[in-house]
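*Asks:* sharing a sequence plus its predicted fold:
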Amino acid sequence: MTVTKRDLTEAVSNAMGPLITRKMVGIIIDRFLREIVKALSRGERIELRGFGIFVTKPRKARKARNPKTGESVFVPSRIVPVFKPSKELKEIVKEG
């Protein structure tokens, strides 16, 4: 099963009851995610205690193979986002 941003918005809105509207929760979640993206694009590390860490890592340039044609292809170096879950999150997921 996949949980979407809409599902998260609905769950948080239901948990908050009449304190905050679903629309406001959606705006907050959008803004939260935008701030994470902006920080990562600046090369910053985002640490959410009890949840995990978002960082960026460089990937080296390399030669790869096109699986369809077998042709050798050059893949340039790039920076990719990485998520490292916290111990607490790993334990919760492990326990199911």
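*Replies:* The structure has been received and is ready for your questions. Numbering: from 1, shown residues only.
*Asks:* what's in contact with stretch 17-33?
*Replies:* Applying C-beta atoms under 8 Å, 6 or more residues apart in numbering, the external contacts of stretch 17-33 come out as 5, 8-10, 12-13, 16. For every residue, glycine as well, the C-beta is placed using N, CA and C.
*Asks:* equivalent analysis for stretch 80-96, please.
*Replies:* So stretch 80-96 is contacted by 40, 48-57, 59 (C-beta under 8 Å, 6+ apart).
*Asks:* show me what the helix or strand where residue 11 lies is packed against.
*Replies:* Using DSSP states H and E, residue 11 falls within helix 5-16. With contacts defined as 3 or more C-beta pairs under 8 Å, 6 or more residues apart in numbering; DSSP states H and E, helix 5-16 has these neighbours: helix 22-41.
*Asks:* quick one, which of the contacts of stretch 80-96 are buried?
*Replies:* Buried by 16 or more other C-beta atoms under 10 Å: 40, 52, 54-56, out of those.
*Asks:* what's the farthest-apart pair in those?
*Replies:* Greatest spatial distance in the buried ones among the contacts of stretch 80-96: 52 and 56, 14.3 Å, computed using C-beta to C-beta.
*Asks:* report the central residue of the protein.
*Replies:* residue 83 (6.6 Å; C-alpha atoms, centre = their mean).
*Asks:* could you point out which element follows the helix or strand containing that residue?
*Replies:* Counting by DSSP H and E, the secondary-structure element that holds residue 83 is strand 78-85. Moving toward the C-terminus from strand 78-85, the next helix or strand (DSSP H and E) is helix 87-95.
*Asks:* where in the protein is pLDDT low?
*Replies:* Along the chain, the model assigns pLDDT under 70 to no residue.
*Asks:* just give me the closest of the contacts of stretch 80-96 to residue 72.
*Replies:* Nearest to residue 72 among those is residue 59, at 18.0 Å by C-beta to C-beta.
*Asks:* residue 62: neighbour count?
*Replies:* For residue 62, the neighbour count with other C-beta atoms under 10 Å is 10.
*Asks:* got the phi/psi numbers for it?
*Replies:* Main-chain torsions, residue 62, degrees, to the nearest 10: phi -160, psi 170.
*Asks:* bridging residues for it?
*Replies:* residue 75 (DSSP bridges).
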